[in-house]
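Student: The sequence and its predicted three-dimensional model are supplied below.
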Amino acid sequence: MAHGLGALPHPIPDLIEFSPVLGNFASTILVHESSFGRDGIIDNIMTSVSGTADAPPRREGAAPGGMRWNVRAVRARLRLVSALVLLSFVVCHLVSHITLLVSFPVANRVLTMLMEPWRSGPGTAILLTAAFVHYANALWSIYERRYLRLSAWEWWQLGLGLCIPPLLMVHVLATRVAGELLSVDSDYIEILVLQWVVTPKYVFIQSAALLTVWTHASIGIHFWLRTKNWYPNVRGGLAAVAILIPTLALAGYVSAGNQIVREAEEPGYAIYRWAYLGFASHFALVGLTFAAVWGRRLAYRMRRPPMLTHSNGRTMPILPGATVLETLRENGIPHASVCGGRARCTTCRVMVTRGLAALPAPAVLEAKALARIEAPPGLRLACQIRPTADLTVMPLLPADATPAQCSVRGGLEGSERLITMVFVDLRGSTTLGEAKLPYDVLFILNQFFTEMTKALDATDGHYSQFTGDGLLALYGLTAKDPATGPADALRGAREMLTRLEQLNRRLVGELAQPLRIGIGMHFAEAIVGSMGPPRSQIITAIGDAVNTAARLEGLTKEYDCALVISRRAAEAAGLDLSVHQLHAVAVKGRVEKVEFYALQTIPES
């Protein structure tokens with residue numbers, strides 16, 4: 001490393017004087033209430049799940065002037081900012097190491113240039129503050145956890161971070177601290193002589209320190225960026241940079257060390273006494289932190305804690321201050337958490353089916369994440385809620401959820417609600433396939449579905465399912481009042497027929513006879529939500545009502561009409577169909593018959 005990587009008696013500003021990316025720092029900040037804005041349309045996308053929420057989430061009390069205090073939001077921000085400050089220092093240092101591959105004079109000039117901002121009063125203050133914030137936050141993040149069951153990458157990041165102070169203790173004291181006390185400076189040659197000739201064991205220690213710091217930082221950067229949509233496009237380039245910088249820095253360090261031929265004086269021993277004191281302090285603080293965690297846990301077990309009930313039927317105690325995510329992991333229940341419990345990815349989302357009223361309102365980080373996915377009442381993040389009373393939750397994403405599922409919209413995991421279902425079927429598609437080449441058939445069908453999709457988009461409909469030569473559309477999905485769905489669906493049906501007529505005129509030379517469609521429309525309760533494989537889910541509806549809508553569409557052939565609409569949908573749309581005959585048909589799985597109207601044209605609602 002720059003100026004070496006070991007215990008040195010001579011002072012110089014050096015490589016990694018403080019460990020980067022270690023943890024959290026407790027602080028507080030005033031955050032504008034306006035940053036919440038959770039009154040999104042998702043509150044109207046679904047009705048409350050029957051029996052799943054005692055009350056809607058409440059906001060924390062606001063401080064005077066529309067501001068409010070929040071601790072974790074600041075700690076998360078300080079953790080990120082301090083990490084980036086320390087990483088900037090490390091990058092500057094490693095870049096100067098790389099220039100050792102050129103020559104000592106060049107390396108010394110680059111080192112002086114890159115380190116000058118950090119040696120200034122403000123630069124030193126910023127660096128010391130970032131180091132303190134990270135170190136204090138590391139210990140606090142351990143103490144704050146009620147359980148120490150972490151994922152593999154979290155253990156690696158935490159473990160590597162805790163190894164950084166002892167690996168760099170001698171190096172920092174022998175360079176920057178000694179330099180300030182003795183008012184002297186050293187260059188690369190002096191430091192490398194001491195490390196490679198006088199105390200060669202520190203070559204291995206400083207090399208290990210470099211790799212530890214860089215690996216720790218790389219893990220943190222990766223799991224910070226992995227939830228960003230653009231990250232997969234640049235991940236390869238960033239990985240190459242992450243490999244090249246430490247590799248070239250070590251190459252420069254080793255190359256320069258092998259050129260050192262002169263001897264150095266025996267180093268003094270005061271530095272070592274300070275270093276041993278630093279080692280003892282670090283390990284004592286870490287040990288006391290872990291001891292406090294286990295001691296508090298033992299004390300909590302002597303009380304009757306609140307109980308967490310999982311949707312799989314298991315019930316487990318919740319230690320005071322523990323999150324739902326920590327509790328599930330401690331009890332061996334797999335649960336998604338792509339970001340490691342930092343309220344970034346939302347994959348740990350759960351539906352609170354009992355005990356919601358006893359939970360505090362979402363704080364800043366959770367509120368922003370919930371607003372981003374348009375979460376409905378009752379949906380919370382398992383990594384952020386710390387129950388103080390009995391709670392029952394249901395996971396909404398699989399335990400092996402991926403970063404791609406971070407943006408899955410909330411509130412559509414499945415609920416029973418009123419919805420308008422429209423089935424559309426293309427008539428004569430079999431004959432069309434027999435008379436045309438496959439390429440021509442696909443061309444015509446793609447044109448057909450394009451026009452149908454445009455009709456849905458123009459009338460607030462949702463293209464739900466492709467059914468071969470037809471489709472299922474949903475209306476009222478995002479409306480505040482689902483009862484407006486039938487009227488919108490009628491507008492959509494008129495738009496479909498209009499666009500189909502235009503398509504027939506464009507394809508008159510391709511078609512033996514014009515394309516025709518049959519439309520079945522029904523308005524009733526159905527289970528609506530995101531369904532399908534994790535990586536290709538669609539928003540659709542299932543249930544008896546969907547079967548009814550499909551049966552009504554089938555009746556358009558029997559009655560040779562454009563639209564068959566159920567009586568309930570017609571009444572909800574405000575249609576006056578008194579002059580039309582009311583029919584009834586039995587539907588498989590239903591005791592009562594379904595009443596409907598068969599219409600040749602689409603009436604105005």
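Tutor: Yep, it's here. Being a predicted model, the structure only gives us computed values, none of them experimental.
Student: got the end-to-end distance for stretch 464-473?
Tutor: End-to-end distance for stretch 464-473: 5 Å, by C-alpha to C-alpha, to the nearest Å.
Student: make that stretch 456-476, sorry
Tutor: From start residue to end residue, stretch 456-476 stretches across 12 Å - C-alpha to C-alpha.
Student: what does that stretch contact?
Tutor: With contact meaning C-beta atoms under 8 Å, 6 or more residues apart in numbering, stretch 456-476 is reached by 418-426, 429, 445, 449, 452-453, 455, 477-479, 482-486, 488-489, 491-492, 495, 517, 528, 538-541, 546, 549, 553. (Glycine included, C-beta is placed from N, CA and C.)
Student: Mind checking which of those residues are buried?
Tutor: Listed as buried from the contacts of stretch 456-476 are 418-426, 429, 445, 449, 452, 455, 477, 479, 482, 484-486, 488-489, 491-492, 495, 517, 528, 538-541, 546, 549, 553; burial here means 16 or more other C-beta atoms under 10 Å.
Student: Please report the distance of the residue nearest to the spatial centre of the chain from residue 223.
Tutor: The structure's the chain has its C-alpha centroid closest to residue 345; by C-alpha atoms, centre = their mean the separation is 1.2 Å. Note on residue 345: its distance to residue 223, by C-beta to C-beta, to the nearest Å, is 9 Å.
Student: what residues do these two have in common as contacts?
Tutor: Common neighbours of residue 345 and residue 223 (criterion: C-beta under 8 Å, 6+ apart): residue 339.
Student: Strands - which of the contacts of stretch 456-476 land there?
Tutor: 418-426, 517, 528, 538-541 (DSSP state E).
Student: now, among those, which is nearest to residue 588?
Tutor: Using C-beta to C-beta, residue 423 comes nearest to residue 588 of these, at 15.5 Å.
Student: now that closest one, nearest residue through space, not along the chain?
Tutor: residue 553 (3.7 Å; C-beta to C-beta, 6 or more residues apart in numbering).
Student: from memory the one you found sits against residue 518, does it?
Tutor: Yes - if you go by C-beta atoms under 8 Å, residue 553 and residue 518 touch, sitting 5.7 Å apart.
Student: so what sits against both of those two?
Tutor: 424-425, 564.
Student: list the contacts for residue 581?
Tutor: 597-598.
Student: who's in contact with residue 92?
Tutor: 114-115, 118.
Student: Any stretches of the stretch 151-300 of the chain with poor pLDDT?
Tutor: Under the criterion pLDDT under 70, the flagged ranges of the stretch 151-300 of the chain are 174, 176-190, 193-199, 260-277, 279, 297, 299-300.
Student: if you go through it in chain order, where are the strands?
Tutor: With strands called from DSSP state E, counting those that start in this stretch, the stretch 151-300 of the chain shows none.
Student: Assign a three-state SS to residue 329, would you?
Tutor: Under DSSP: H, G, I helix; E, B strand; the rest coil, residue 329 falls in the helix class.
Student: Nearest residue to it in space, ignoring adjacent ones along the chain?
Tutor: residue 149 (4.4 Å).
Student: Contact partners for that neighbour?
Tutor: Each residue near residue 149 by C-beta under 8 Å, 6+ apart is listed here: 326, 329-330.
Student: let's go with 10 Å and repeat that
Tutor: Residues in contact with residue 149 (C-beta atoms under 10 Å, 6 or more residues apart in numbering) are 155, 325-332.
Student: tell me the phi and psi of it?
Tutor: The phi/psi pair for residue 149 (degrees, to the nearest 10) reads phi -90, psi 100.
Student: from the shared contacts of residue 553 and residue 518, which single one is nearest residue 109?
Tutor: Closest to residue 109, out of all of the shared contacts of residue 553 and residue 518 and judged by C-beta to C-beta, is residue 424, at 73.2 Å.
Student: For the closest one, give its distance to residue 593.
Tutor: Distance of residue 424 to residue 593, computed by C-beta to C-beta: 24 Å.
Student: next one: residue 392
Tutor: Residue 392 sits 40 Å away from residue 593, going by C-beta to C-beta.
Student: Mind checking which of these two has more residues around it?
Tutor: Each of residue 392 and residue 593 has its neighbours counted (other C-beta atoms under 10 Å); residue 392 has more, 18 against 11.
Student: what's the helix or strand harbouring the more buried one packed up against?
Tutor: Using DSSP states H and E, residue 392 sits in strand 391-395. Secondary-structure packing of strand 391-395 (3 or more C-beta pairs under 10 Å, 6 or more residues apart in numbering; DSSP states H and E): strand 307-310, helix 324-330, strand 349-354.
Student: swap the cut-off to 8 Å and go again
Tutor: Helices and strands touching strand 391-395, by 3 or more C-beta pairs under 8 Å, 6 or more residues apart in numbering; DSSP states H and E, are strand 307-310, strand 349-354.
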